[in-house]
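S.K.: sequence first, then the predicted structure:
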Amino acid sequence: MQEAVDLIAEARGVGASVIVVPINKLDPAFFDLRTGFAGEVLQKFVNYRLRVVILGDATKRAAGSSALRDLIRESNRGSSVWFVATRAELDQRLEDVGR
């Protein structure tokens, strides 16, 4: 959790509005929704009005968890948290919302 707080502080310090986190940098506990870790981390970003993007293919991680698939689907419907597989997909989403 401290790493998320540090990342938020750094982003705010440079005026960033979007933070991109490579999926392979996340602790495996993030994807086990029973731990509550993902909810805590993502809520921190939302509270500070920072868009967070999880960049990378989450298909394998979500295959065994309907709750994780639901989180990804619902997050991608909003504007605060996105799960995107590729940089091209991220670029398109940012273009669509006008940054």
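M.R.: Thanks, I have the structure now.

S.K.: so residue 21 sits against residue 55, correct?
M.R.: Yes - taking contacts as CB atoms under 8 Å, residue 21 lies within contact range of residue 55: 6.7 Å. C-beta coordinates here come from the backbone N, C-alpha and C atoms, glycine included.

S.K.: and for these two, which residues touch both?
M.R.: Among the neighbours of residue 21, none is also in contact with residue 55 (CB atoms under 8 Å, 6 or more residues apart in numbering).

S.K.: what sits against residue 27?
M.R.: With contacts taken as CB under 8 Å, 6+ apart, residue 27 has the following neighbours: residue 37.

S.K.: could you report the pLDDT at it?
M.R.: Reported pLDDT at residue 27 in the predicted model: 91.

S.K.: from residue 46, how far off is it?
M.R.: Taking CB to CB, to the nearest Å as the criterion, residue 27 is separated from residue 46 by 19 Å.

S.K.: can you check residue 92 too?
M.R.: In this structure, residue 92 lies at 22 Å from residue 46, with CB to CB as the measure.

S.K.: could you do residue 88 as well?
M.R.: 25 Å.
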